[in-house]
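Peer 1: below are the sequence and a predicted model; questions follow.
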Amino acid sequence: MTRNLHRLLIRSSAIALGVVGFSASAVAHFQVLYTAEMAPTRGKATQFTMVFTHPVHGGPHMDMGQPEQFYVVSQRGGDSEPKRTDLMKYVTPIDWLSSKKAKGGEAKKSTKAFNASLPRSVTRSLGDHIFVLQPAPYYESGEDKYIQQFTRTMVNVGGVPGNWAEPMGLPAEIQPLNKPYANWTGGVFRGRVLADGKPVPNAEMEIEFINHAPDQDGHRFADAGEVELPQDAYGTQTIYADAQGEFTIGLPRAGWWGICALAIGADTEHEGKALSQDAVLWVQVKDMK
Amino acid sequence: MSARFFCTSSFLFAALIFTGSFASTTAFAHSPICNCYNDDEDDSKVVCEGGFSDGGSAEGVGVKVLNDRDRVLINGAMNADSTFTFTKPDDDFHVIYDAGPSHQVIIYMDDIE
């Protein structure tokens, strides 16, 4: 009797896990913080696009609320002090159009996204510029919970490194162990999942490729994806960090790769609903030519 | 040629190769990097930032501003912040960031924005 009950519990857990796993792969939300080039040779005016979407499918997109914070922490060389610059004054709302072929998306429907056109002075100096977006929590009705993805995109000017590997003490964060802006196709990327600066053991993570090229001025992703997915599980790669919160992923294709650690932040409730505080880090990959 | 001489020679040859490789690795592990731009706050001035590919400080690295005839117009060094600011000369000019032999970066006036 006890053994049968135990088996039943295991089966129930397995079914529950299967449902959770399916849900996770079916609704892999990613906060995109996109700019055309992560590693320019010299500082110049840059445009950032903020879209909450499913990048491997090119949609559907979700309406973003007004971001809570958008700032950059810059550092030139290992000995200088990091400098934080608030960028909220550059954040403006835009209507992001759905791709005609977005899976489950509605053609021409627009969703609320944001743009930040930054003057040259922001990234004028050599070194690392770590852009941090703290979006407003998004209510996901399908899961009856809020999602808030603390997102980082790094830009390096000229090849002088700075603070790219330093933790920032965010509620949810992926600490890179490789430079996110200098990766060859076929290489690997390593990182560590942190919450309030401390490693998160065995964190569940999702990896997605921006499969539909962003058109920053046209406010949409390309209709056609670069890669044909053989099956849904290929769209969102799911991995787990190890006991130290560290992970390694392969980078099989040039472009932008998003890495997300799920529900690792300390805050788990927002306006009476469950809250998932996630960490997103973007990595740019280039072919050796 | 005795066996002992051969062994000693082989050892010295291997040591030389090792030393050479190590020096090359060290030299190439930190490339000099310099970028100059017009000062946004004072158009009469140019700001140069220096650094190395390993993140090392450029403090004390020599900077020269020369005219077309390679006459040195300004001679200075990167400050503690790894920057060097100078007033634009009347002549056409170029900047040399001099981090030692084979570690020089030349920036021409037309590339300064």
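Peer 2: That came in fine, so what should we check first?
Peer 1: residues from chain B in reach of chain A?
Peer 2: Proximity of chain B to chain A (CB under 8 Å from any CB of the partner chain) is limited to residues B:31, B:33, B:35, B:37, B:40, B:49, B:51-58, B:81-82, B:113. For glycine as for every other residue, the C-beta is placed from the backbone atoms N, C-alpha and C.
Peer 1: hmm, 10 Å instead?
Peer 2: Within chain B, the residues that sit near chain A (CB under 10 Å from any CB of the partner chain) are B:31-37, B:40-41, B:47, B:49-59, B:80-83, B:111, B:113.
Peer 1: out of the residues you listed, which sit inside strands?
Peer 2: B:32-37, B:47, B:49-52, B:83 (DSSP state E).
Peer 1: top of these by neighbour count?
Peer 2: Ranked by the number of neighbours (other CB atoms under 10 Å in any protein chain shown), these place residue B:51 first, at 34 neighbours.
Peer 1: poorly predicted segments of the stretch 101-250 of chain A, please.
Peer 2: Applying pLDDT under 70 to the stretch 101-250 of chain A picks out residues A:101-108.
Peer 1: that one against chain B: which residues are in contact?
Peer 2: Selection of the stretch 101-250 of chain A residues close to chain B by CB under 10 Å from any CB yields A:119-121, A:124-128, A:157-164.
Peer 1: could I have the buried ones of those as ChimeraX selection syntax?
Peer 2: Listed next is the ChimeraX selection for buried residues among those, using 16 or more other CB atoms under 10 Å in any protein chain shown:
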select /A:124,125,126,127,128,157,158,159,160,161,162,163,164
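Peer 1: next, give me the two most distant ones among the residues of the stretch 101-250 of chain A next to chain B.
Peer 2: A:119 and A:161 (23.6 Å; CB to CB).
Peer 1: touching, residue A:255 and residue A:38? I think so.
Peer 2: No. Residue A:255 is beyond contact range of residue A:38, at 11.4 Å (criterion: CB atoms under 10 Å).
Peer 1: give me the common contacts of these two.
Peer 2: A:283-286 (CB atoms under 10 Å, 6 or more residues apart in numbering or on different chains).
Peer 1: kindly reformat these as JSON lines containing secondary structure, distance to chain B and pLDDT.
Peer 2: Listed next are these as JSON lines, based on DSSP: H, G, I helix; E, B strand; the rest coil; distance: CB to the nearest CB, whole Å; pLDDT from 0 to 100:
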{"residue": "A:283", "secondary structure": "strand", "distance to chain B": "20", "pLDDT": "98"}
{"residue": "A:284", "secondary structure": "strand", "distance to chain B": "18", "pLDDT": "98"}
{"residue": "A:285", "secondary structure": "strand", "distance to chain B": "20", "pLDDT": "98"}
{"residue": "A:286", "secondary structure": "strand", "distance to chain B": "17", "pLDDT": "98"}
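Peer 1: so who does residue A:256 touch?
Peer 2: Listed by CB under 10 Å, 6+ apart, the contact set of residue A:256 reads A:32, A:34-35, A:38, A:55, A:153, A:208-211, A:213-214, A:282-285.
Peer 1: neighbour-wise, which of those leads?
Peer 2: residue A:55 (29 neighbours).
Peer 1: looks to me like that residue is in a strand.
Peer 2: No. With DSSP: H, G, I helix; E, B strand; the rest coil as the criterion, residue A:55 is coil rather than part of a strand.
Peer 1: show me what contacts it?
Peer 2: A:28-32, A:34, A:61, A:208-212, A:214, A:221, A:225, A:235-236, A:255-258, A:282.
Peer 1: quick one: neighbours of residue A:238, just the number.
Peer 2: Neighbour count for residue A:238, taken as other CB under 10 Å: 14.
Peer 1: please apply the same query to residue A:232.
Peer 2: The number of residues packed near residue A:232 is 14, by other CB under 10 Å.
Peer 1: what about the residues of the stretch 101-250 of chain A next to chain B, which are in helices?
Peer 2: If you go by DSSP state H, these have nothing in helices.
Peer 1: okay, helices next: where are they in chain B?
Peer 2: B:3-29.
Peer 1: now do the strands in the stretch 151-289 of chain A.
Peer 2: A:173-176, A:183-184, A:188-195, A:198-199, A:204-209, A:214-215, A:220-221, A:237-240, A:246-250, A:255-261, A:269-270, A:273-286 (DSSP state E, counting those that start in this stretch).
Peer 1: give me the angle between the fifth one and strand A:273-286.
Peer 2: Translated: strand A:204-209. 40 degrees (axes from the mean of the first three to the mean of the last three CA atoms, to 10 degrees).
Peer 1: packing partners of strand A:204-209?
Peer 2: Counting contacts by 3 or more CB pairs under 10 Å, 6 or more residues apart in numbering or on different chains; DSSP states H and E, strand A:204-209 packs against helix A:2-26, strand A:30-34, strand A:188-195, helix A:232-235, strand A:237-240, strand A:246-250, strand A:255-261, strand A:273-286.
Peer 1: partners of the last one, with directions?
Peer 2: Neighbouring strands of strand A:273-286 in its sheet, by DSSP bridges, are strand A:145-157 (parallel), strand A:183-184 (parallel), strand A:255-261 (antiparallel), strand A:269-270 (antiparallel).
Peer 1: residues of stretch B:76-94 that come out buried?
Peer 2: Within stretch B:76-94, the residues scored as buried using 16+ other CB under 10 Å are B:78, B:81-84, B:86, B:93-94.
Peer 1: please read the previous query as pertaining to stretch A:256-267.
Peer 2: For stretch A:256-267, burial by neighbour count (16+ other CB under 10 Å) applies to A:256-265.
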